[in-house]
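S.K.: sharing a model prediction with you, sequence too.
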Amino acid sequence: MAAGEKNTCSAAALSFKMGEFLLRNGAEIFRVQETMERVAHAFGVEEYDVYVLSNAIFANAVENGEHTQTKLKFVPGATPHLGRVDAINQLSREIVAGEYTVEEAYARLEEIKCIPYTKTVSMIISCGIGSACFSYLFGGSVFDALAALLCGFILEIFLRILDKRGASKFISNLSASALVALSAVLLYSLGLGQDLDKIIIGSIIRLVPGIALTTSIRDFLSGDYLSGTIRMIDAFLVGGCIAIGVGVVVMLYVLAGGVMIV
Amino acid sequence: MTPALCFEWLIQTAVAFVSTIAFAIIFHTPKKQYAFGGLVGAFGWLIYIIYVHFTGDPVFASFFAALGLTYLGRIFSFLRRAPLPLFVTSGIFPIVPGAGIYYTGFHIFMNDNAAALATGLETIKIAIAIALGIGIVISLPRFFFTFRKASTEQKKG
């Protein structure tokens, strides 16, 4: 590690940026904290303390004897991008192995920031295929799966549009699940699919908070109870939103005279 | 254990494999890990259907499926030198209680409170079972997964 770096290229600032980036892309708290500490340690930052919450980082560093940095940063929740988490994980391992100078690590971080999101078209296709497969797994027939495929396409297109507009989480979950139920009801009334339940169940899996559930468990287990609680509440609220969104549409359908056997 | 049943399980596992990969794409997993994520999901679902076939209890089935798939996920995480969420996040989607959420909402709006409470409670039980299953495997020391001495590894799971 070079002694006379510029302020913009300090190791503490690098570790801080990596932590923020990890948190933004949906990593667990212990991974963020551990990565930041490892990087700072590998570059020889003398004192380094960090506290990470699910939406904020507090870090304090003493570098080169006198240089002190204190940072407080609010990190808003964002879409998880597991590929970027993986890339940062790789980078931190290589930094610990001593393969990078601070400048090179900065350059690599900028590259990682440019890892693109999956193309919209392939997301729409995989959402459709995923919905169809789940509809089949939960006991639907091939026709139910076909209906779920179409519902999946509609759902992902709708989610992409909402994502661009920046709608709030609750509104987007409520409206998306209602839309899924609505399109399932329409397809069902048109004669596609034999079991309305299975079509809807297959298609709403995309919205179910699986990521929040797993991440919150890991947070709990590594002792980050506060962040774990925040994410657990998030998971339950999203689950509730889905239940309400779907429930309203199905209720209206039954009230309108549709036949529904559970 | 008739051949027809085994064939059915084979098909189900294959479908679970495809669906898990579809969700891995949605969560932007790197391309080189797709197949491994798919294997994790398929393995979890296989445990789930076998357990449900013999006992009919979805809560314990989810628990054992979560145990199994997280174990496989951790092995892959060490083999492929990648973070665990890459494999487990999309892998648990087949056993996540989507059906429970749906039926709970349905019964609430149908004013069938007893049924809503029953399905809601079962959904929460399944979520806790999955959480426990994942949690137990994550807390295991790493020598359960690497098949070699822990001191040679520098990596976090």
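M.R.: That came through, no problem.

S.K.: what about the helices in the stretch 151-262 of chain A?
M.R.: Ranges of helices in the stretch 151-262 of chain A, per DSSP state H, counting those that start in this stretch, are A:169-189, A:196-204, A:210-221, A:225-255.

S.K.: what residue ranges in the stretch 151-262 of chain A score low on pLDDT?
M.R.: Across the stretch 151-262 of chain A, the ranges flagged by pLDDT under 70 are A:258-262.

S.K.: ok, longest helix in chain B?
M.R.: Longest helix in chain B, counting residues (DSSP state H): helix B:113-139.

S.K.: after it comes which helix or strand?
M.R.: Later in the chain than helix B:113-139, the nearest helix or strand by DSSP states H and E is helix B:143-146.

S.K.: output the contacting helices and strands for that following helix.
M.R.: helix B:58-79 (3 or more C-beta pairs under 8 Å, 6 or more residues apart in numbering or on different chains; DSSP states H and E). C-beta coordinates here come from the backbone N, C-alpha and C atoms, glycine included.

S.K.: pull the helix or strand with minimum mean pLDDT from chain B.
M.R.: Within chain B, no helix or strand scores below helix B:143-146, which has a mean of 72 by mean pLDDT, DSSP states H and E.

S.K.: next, name the residue at the spatial heart of chain B.
M.R.: B:Ile92 (3.2 Å; C-alpha atoms, centre = their mean).

S.K.: need the contact list for residue 139.
M.R.: Here I'm looking at chain A. Counting by C-beta atoms under 8 Å, 6 or more residues apart in numbering or on different chains, A:Gly139 touches A:195, A:198.

S.K.: that answer is for a different chain, and I need it for chain B
M.R.: B:Ser139 sits next to A:Leu221 when contact means C-beta under 8 Å, 6+ apart.

S.K.: could you report the pLDDT at it?
M.R.: For B:Ser139, the pLDDT comes out at 85.

S.K.: how near is A:Arg184 to A:Leu159?
M.R.: Just so we're on the same page, residue A:184 is Ala rather than Arg. Look at A:Ala184 and A:Leu159: by C-beta to C-beta, to the nearest Å, they are 16 Å apart.

S.K.: mind listing what the residue lying closest to A:Leu53 once chain neighbours are set aside touches?
M.R.: The shortest distance from A:Leu53 to any non-neighbouring residue, by C-beta to C-beta, 6 or more residues apart in numbering or on different chains, is to A:Ser227 (5.5 Å). Neighbouring residues of A:Ser227 by C-beta under 8 Å, 6+ apart: A:29, A:52-54, A:216, A:219.

S.K.: now, which of these sits nearest A:Leu23?
M.R.: Nearest to A:Leu23 among the contacts of A:Ser227 is A:Val52, at 6.9 Å by C-beta to C-beta.

S.K.: helix/strand/coil for the residue nearest to the spatial centre of chain A?
M.R.: What sits nearest the mean C-alpha location of chain A, by C-alpha atoms, centre = their mean, is A:Pro80, with 2.6 Å. Secondary structure for A:Pro80, judged by DSSP: H, G, I helix; E, B strand; the rest coil, is coil.

S.K.: quick revisit: so A:Ala184 and A:Leu159 - more neighbours on which side?
M.R.: Neighbour totals were compared for A:Ala184 and A:Leu159, and A:Ala184 leads with 32 against 22 (other C-beta atoms under 10 Å in any protein chain shown).

S.K.: sketch out the low-pLDDT regions of chain B for me.
M.R.: Scanning chain B for pLDDT under 70 picks out the ranges B:1, B:146-157.

S.K.: now the farthest one out in it, which residue is it?
M.R.: Farthest-out residue of chain B from its mean C-alpha position, per C-alpha atoms, centre = their mean: B:Asn111, at 32.0 Å.

S.K.: regarding that residue, what is its secondary structure?
M.R.: coil.

S.K.: for chain A, see how far away it is.
M.R.: 9 Å (C-beta to the nearest C-beta, to the nearest Å).

S.K.: ramachandran coordinates for that residue?
M.R.: B:Asn111 adopts backbone torsions of phi 60, psi 20, taken as degrees, to the nearest 10.

S.K.: tell me which parts of the stretch 51-200 of chain A are close to chain B?
M.R.: Taking C-beta under 8 Å from any C-beta of the partner chain, the part of the stretch 51-200 of chain A that reaches chain B is made up of A:80-87, A:89-90, A:93, A:96-97, A:117-118, A:122-123, A:126-127, A:129-130, A:133-134, A:136-138, A:156, A:197, A:200.
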